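Engineer: below are the sequence and a predicted model for it; my questions follow.
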Amino acid sequence: MTTSEFNIYEKLLENGFSEEELEKEMQKKAKEFGGFMSKEGILFVIAKENGIDIKSFGIDFENYEGYQNELNNIDYDEFTLNISQLEENMQNVVLLGKIISIIKPKEFIRKDSSVGKVGSFYIIDTTGNVKVVVWNDKTSLMHNEHFIIGQLIRIVGAFTKSTKSGTLEVHLGKRSEIILAPQDVQEQLKQKLNTISREKLELKKQRKNEMQLYDLISRYSYIKKIQGNIKIEDFQEITKKDGEKTFLLKCILSDSSMSMRLIVWGTNAIQMLKLINDGDVVLLTDLVIKENTYTNEKELVFSQKSSLEVL
């Protein structure tokens, strides 16, 4: 332990911490910073949070300021994962990719009647793509003029979780960061990300000219033909306001570019439920693209003209 580490450690003990409590707090901070912060830096952070004026104890304040900026000087390339390496319940995830789709932030009412905000976007690297979910104050970053499709972006300190449908997502917590157009990316890696070609990202297709979901939803309100993997999310019987009963089937359609919810109503919902199994590769035709008024997310809607074929 360095002299400065020892001094601040002793002061924290004098301030009321037991050795056991302080060690637990240091371990907690180490997890929060994902191994990016040194032991000395962690002690400085704990001291600040507990109101200790380190200048009055002969500790170099300029050195403290350096530790405050320590996270900004990390070689994140060393910690960066490929999207294909993501698994459920990972913590302190670092990703680097390009933005390919943006879902504008919206407000929602929590159970305690307070107002929250949520937005999301998709990023892609040379191994795949993933949805990134942004909560509350961090949604302000999505209003930045440089937060646009095609922008290089680094995500630091995120965590992963699976939706009810089994789709893996990346979520930003309170200590997570978004770095737009990072300047410290290795040139070779930057070139790879800037030259991502559609051929590297697409699944094997039966037709050469078939486009991917992220291409289609950004250009059109109607999809003539799309192929992907399907997964059942929910099926329910619904009573309309006029008392008539109908059926609603929600599925998740995924290709190598992104995942989208597929909405099927009425007898079509029952017929499709009989045909498909989770993981089936399907070919869908004549789908309508609509924006959900509650979530602001685009969805695929199966119309009377639509058809499905299990491949």
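Structural biologist: Received, thanks.
Engineer: quick one: the strands in this protein, in order.
Structural biologist: Ranges of strands in the chain, per DSSP state E, are 93-109, 115-125, 128-135, 152-162, 168-171, 177-180, 222-239, 245-254, 259-265, 281-291, 298-310.
Engineer: tell me which of the ones you listed lies nearest to residue 9.
Structural biologist: Of all the strands of the chain, strand 152-162 sits nearest to residue 9, with 25.1 Å by C-beta to C-beta. The C-beta positions use only the backbone N, C-alpha and C, and glycine is treated the same way.
Engineer: partner strands of the closest one and their direction?
Structural biologist: With DSSP bridges as the test, strand 152-162 is paired with strand 93-109 (antiparallel), strand 168-171 (antiparallel), strand 177-180 (antiparallel).
Engineer: among the strands of the chain, which comes closest to residue 144?
Structural biologist: Among those, strand 177-180 comes nearest to residue 144, with 6.4 Å by C-beta to C-beta.
Engineer: which residues does the closest one contact?
Structural biologist: Residues outside strand 177-180 that contact it (C-beta atoms under 8 Å, 6 or more residues apart in numbering) are 71, 134, 138, 141, 144, 146-147, 151-157, 172.
Engineer: for that strand, C-alpha coordinates in PDB please.
Structural biologist: Output of strand 177-180 as PDB, limited to C-alpha atoms (Å, rounded to 0.1, in the frame of the first residue of the first chain):
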ATOM      1  CA  GLU A 177     -21.000   5.800 -20.200                       C
ATOM      2  CA  ILE A 178     -21.600   6.500 -23.900                       C
ATOM      3  CA  ILE A 179     -18.600   7.900 -25.800                       C
ATOM      4  CA  LEU A 180     -19.500   9.200 -29.300                       C
END
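Engineer: list the buried residues in that strand.
Structural biologist: Neighbour counts over strand 177-180 (16 or more other C-beta atoms under 10 Å) mark 177, 178, 179 as buried.
Engineer: check stretch 280-291 too.
Structural biologist: For stretch 280-291, the neighbour count (16+ other C-beta under 10 Å) marks 282, 283, 284, 287, 289 as buried.
Engineer: ok, now stretch 123-139?
Structural biologist: Applying 16+ other C-beta under 10 Å to stretch 123-139 flags 123-126, 128-135, 138-139 as buried.
Engineer: residues in contact with the nearest residue to residue 99 once chain neighbours are set aside?
Structural biologist: Once flanking residues are discounted, residue 99 sits nearest to residue 151: 5.0 Å by C-beta to C-beta, 6 or more residues apart in numbering. Residue 151 sits next to 98, 99, 180, 181 when contact means C-beta under 8 Å, 6+ apart.
Engineer: distance of residue 151 relative to residue 97?
Structural biologist: To residue 97, residue 151 is 10 Å away according to C-beta to C-beta, to the nearest Å.
Engineer: cool, and residue 262?
Structural biologist: Distance from residue 262 to residue 97, counting by C-beta to C-beta: 25 Å.
Engineer: thinking again about what came up before, tabulate the strands of the chain (CSV), appending distance to residue 12 and mean pLDDT.
Structural biologist: Shown next, in CSV, are the strands of the chain (distance: least, C-beta to C-beta, whole Å; pLDDT from 0 to 100):
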stretch, distance to residue 12, mean pLDDT
strand 93-109, 29, 87
strand 115-125, 35, 89
strand 128-135, 32, 90
strand 152-162, 24, 89
strand 168-171, 32, 92
strand 177-180, 26, 85
strand 222-239, 49, 89
strand 245-254, 49, 92
strand 259-265, 47, 92
strand 281-291, 52, 90
strand 298-310, 51, 90
